[in-house]
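Sequence first, then the predicted structure:
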Amino acid sequence: MAIKKKIKQINLIPLINIIFLMLIFFMLAGTITKVDPYKINIPESIIKNDPSTPFLTLIIKKNGDIFIDSKNKEKKLRNEFYLEILKKRKPKEIALKIDADAPSEYFINILKILENENIKKVVIETNYKKK
Amino acid sequence: MKNNNFFYEEEKKELISINITPLIDIVFLLLVFFMLATSFIQKSTIEVNLNSGKSQIAEKKNVVTIILKKNGDISLNSKLIELSSIKKEIKNKLNQNAAYIFLIKCHKKVEVQKIIRLIEEVRMAGTDKIQLINF
């Protein structure tokens, strides 16, 4: 009877060990990221710079749609409003999240608009990829 | 007496074993959370200073033109060049004259990814004086 009982029990300790190891790996190696509601594929870069987080982020989709994302939680604003917001807030620095496959005309147009709005610095967000 | 001892031992055995199932449940939940919420993609940025060298371009003084065509072909001062060798060419130009400004003319339909790579190559050559225009 006792032998039968022993056979039925499964030793879970190795499983727990592995799960703990995986948990520690994911906790240490990964970084918790904000879910991107815009789902854009940002360009890759081979230079590693520290990601700075300016107050305002402009998001440009592949089809040219422009959104504003700020820490004030004023999200998903359509392109007609972004210029008004820029004029109202007058940020000195802006982050640009642009789709890697977007045509360059959208990119250069937005740079021109920002230049006209007296914005001195634009930070383009990229994914770092080793050469 | 013997029987009493037997029961005592059985009781002792039951007390020692700890139920670890809730612990495993929580560890599993934590594992699933970290697997879904973490990302291994490293973020980076490229800084662009607007208004740099605009007057120089207007005067057409010390301007090196880089053309980026729709198919990704790059030409430096009308000479077709590979992306991998552009850094070297720009370094040579900068050795001749450090005041050179690099005007990147890119096709309207060329992807942003290609411009970013080109900007990076120019930056790696050691200059920040870049202007972008469309054609």
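Cool, the structure landed. Because the structure is a prediction, the values reported are computed rather than measured.

for the chain, what spans make up the helices?
By default, I'm working from chain A. According to DSSP state H, chain A carries its helices in the segments A:2-8, A:13-29, A:79-89, A:104-116.

my question was about chain B
Along chain B, the segments classed as helices by DSSP H run B:2-16, B:21-37, B:54-59, B:83-96, B:112-124.

Spatially central residue for chain B, please.
Nearest to the geometric centre of chain B sits B:Ser44, at 4.3 Å (CA atoms, centre = their mean).

Tell me the confidence at it?
Note for B:Ser44: predicted pLDDT of 81.

That one: what's it in contact with?
Neighbouring residues of B:Ser44 by CB atoms under 8 Å, 6 or more residues apart in numbering or on different chains: A:45, A:47-49, A:51, A:125-128. C-beta here means a position set from N, CA and C on the backbone, and glycine is covered the same way.

can you pick the most crowded of the residues you listed?
Of all those, the highest neighbour tally under other CB atoms under 10 Å in any protein chain shown goes to A:Thr126, namely 26 neighbours.

Residue of chain B closest to chain A, please.
B:Thr38 (2.7 Å; CB to the nearest CB).

ok, now how distant is that residue from A:Pro91?
Using CB to CB, to the nearest Å, B:Thr38 is found at 30 Å from A:Pro91.

The nearest residue to A:Ile47 once chain neighbours are set aside: neighbouring residues, count only.
In this structure, A:Ile47 finds its nearest non-sequential neighbour in B:Glu120, 5.4 Å apart by CB to CB, 6 or more residues apart in numbering or on different chains. Neighbours of B:Glu120 under the rule other CB under 10 Å: 19.

mind listing what the lengthiest strand in chain B pairs with, with the direction of each?
When chain B is parsed with DSSP state E, its longest strand is strand B:42-49. Partner strands for strand B:42-49, per DSSP bridges, with pairing direction: strand A:121-128 (antiparallel).

which residues of the chain score low on pLDDT?
I'll assume chain A. Chain A contains residues with pLDDT under 70 at A:1-8, A:53-54, A:70-84, A:86-87, A:131.

if you could check chain B rather than the one you did, that'd help
Using pLDDT under 70, the flagged stretches of chain B are B:1-16, B:51-60.

Could you chop it up by domain?
The record's domain parsing of chain B by automatic domain parsing lists B:2-37, B:54-134.

between B:Thr38 and A:Pro91, who's got more neighbours?
Legend: neighbour count by other CB under 10 Å for B:Thr38 and A:Pro91, higher for A:Pro91 (20 against 16).

hang on, the earlier thing: which among the domains of chain B is found nearest to A:Asn118?
Set against A:Asn118 and scored by CB to CB, the domains of chain B come closest in domain B:54-134, at 13.3 Å.

Name the nearest residue to the residue in chain A that chain B sits nearest to, sequence neighbours excluded.
Chain B sits closest to A:Gly30 of chain A, with a gap of 2.7 Å, by CB to the nearest CB. Ranked by CB to CB, 6+ apart and with sequence neighbours excluded, the top spatial neighbour of A:Gly30 is B:Thr38, at 2.7 Å.

Equivalent analysis for A:Ile85, please.
Nearest to A:Ile85 is A:Ile68, by CB to CB, 6+ apart, at 5.6 Å.

Tell me if I'm right that the residue of chain B closest to chain A and A:Thr33 touch.
Yes. With contact defined as CB atoms under 8 Å, B:Thr38 counts as touching A:Thr33 (7.3 Å).

neighbours of B:Ser75, just the number please.
14.

A:Gly30 versus the most centrally placed residue in chain A, what's the distance?
The centre of chain A sits closest to A:Asp36, judged by CA atoms, centre = their mean, with a distance of 5.9 Å. Distance, A:Asp36 to A:Gly30, using CB to CB: 16 Å.
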